[in-house]
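Engineer: Have a look; sequence and predicted model below, questions after that.
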Amino acid sequence: MLKIDFHVHTRKSDGLNSLDEILKHARRIGLNGVAITDHDIISVKKNVVLEDGFIVIRGIEVSTKQGHIILLDVNEAPRKGLDVREVIDFANETGALVIIPHPFDFLRNGLGKLSWIIPADAVEVINAGCLFDYFNKKAFILAEKRSLPMVAGSDAHALSELGYAYTVIKSAASTPEEIIEAIKKGLTIPIGRRYGIVKKIKRKISKFFHG
Ligand SMILES: [Zn+2]
Ligand SMILES: [Zn+2]
């Protein structure tokens, strides 16, 4: 069963590391794949299965008027400044998967109450970057009450944050397409913990010194 971190940022948006550094480190810590979800930019050309079977899924974290939403298996970036419903329509038209990330974390631009009513394929019930457990617990309740599949992601902006949360795929999936199908069917186990404020401060300091 694969372990995939569905929420990772590179330096193409506000992360510290290159895609190569991330892929190397992800393997080292035992992940089988990552979704690259940079802010408002698609930074990998396509979904790929690398020679050793490691999987890279093309995603984007879109800043909508109401907050963040993640699209996976996405071919093009939606226009900027859209309403969240317009982004979801765009995803449905283009066949992308919709995940509600950190729904109740207002410090990370979660969608808040809208998360109860907007159409989505899955909820990120563990975001390792959330400052308070409460945000993730509430996300879990949301997914349960709406009967939506659950995923987890690190929201890593630095190597040291990678893999703190990941999703186990409960199927024999070995390609990005099969993984997307597995999410839709709810064949997922969210695993993880928060990396908390210490790592976040270290990252900010490092960013300050290294740009
Ligand atoms: Zn976010
Ligand atoms: Zn993010």
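Structural biologist: Looks like it came in fine. Being a predicted model, the structure only gives us computed values, none of them experimental. Ligands and ions are numbered 1, 2, ... in the order given.

Engineer: Which stretches in the protein count as strands?
Structural biologist: 3-8, 33-36, 48-49, 55-63, 68-72, 97-100, 122-127, 150-153, 165-169, 188-192 (DSSP state E).

Engineer: Same list (these) but as TSV, adding mean neighbour count, distance to Glu181 and mean pLDDT.
Structural biologist: Using the backbone N, CA and C atoms, a C-beta is placed for each residue, glycine as well. As requested, the strands of the chain are arranged in TSV below (neighbours: other C-beta atoms under 10 Å; distance: least, C-beta to C-beta, whole Å; pLDDT from 0 to 100):
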stretch	mean neighbour count	distance to Glu181	mean pLDDT
strand 3-8	28	13	98
strand 33-36	29	14	98
strand 48-49	14	15	97
strand 55-63	24	12	98
strand 68-72	26	12	98
strand 97-100	26	10	98
strand 122-127	26	12	98
strand 150-153	28	14	98
strand 165-169	26	10	97
strand 188-192	19	11	96
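
Engineer: what does the protein put close to ligand 1?
Structural biologist: Neighbours of ligand 1 within the chain, by C-beta under 5 Å from the ion: His68, Arg108.

Engineer: Please work out which residue of the chain is closest to ligand 2.
Structural biologist: Asp155 (4.3 Å; C-beta to the ion).

Engineer: Val123 and Pro149 touch, don't they?
Structural biologist: Yes - contact criterion C-beta atoms under 8 Å: Val123 and Pro149 qualify, at 7.5 Å.

Engineer: any common contacting residues for the two?
Structural biologist: Ala143 (C-beta atoms under 8 Å, 6 or more residues apart in numbering).

Engineer: so which of the strands of the chain gets nearest Lys138?
Structural biologist: strand 122-127 (9.3 Å; C-beta to C-beta).

Engineer: Direction included, what does the closest one pair against?
Structural biologist: Using DSSP bridges, strand 122-127 pairs in its sheet with strand 97-100 (parallel), strand 150-153 (parallel).

Engineer: do the first one and ligand 2 meet at all?
Structural biologist: No - looking at strand 97-100 against ligand 2 by C-beta under 5 Å from the ion, there are no contacts, and the closest approach is 10.8 Å.

Engineer: Can you list the neighbours in contact with that strand?
Structural biologist: Residues contacting strand 97-100 (C-beta under 8 Å, 6+ apart): 6, 69-73, 88, 91-92, 111, 115, 118-124, 139, 142, 151, 180, 183-184.

Engineer: Which parts of this structure are helices?
Structural biologist: 19-28, 84-94, 133-146, 176-184, 196-210 (DSSP state H).

Engineer: Great, nothing more from me.
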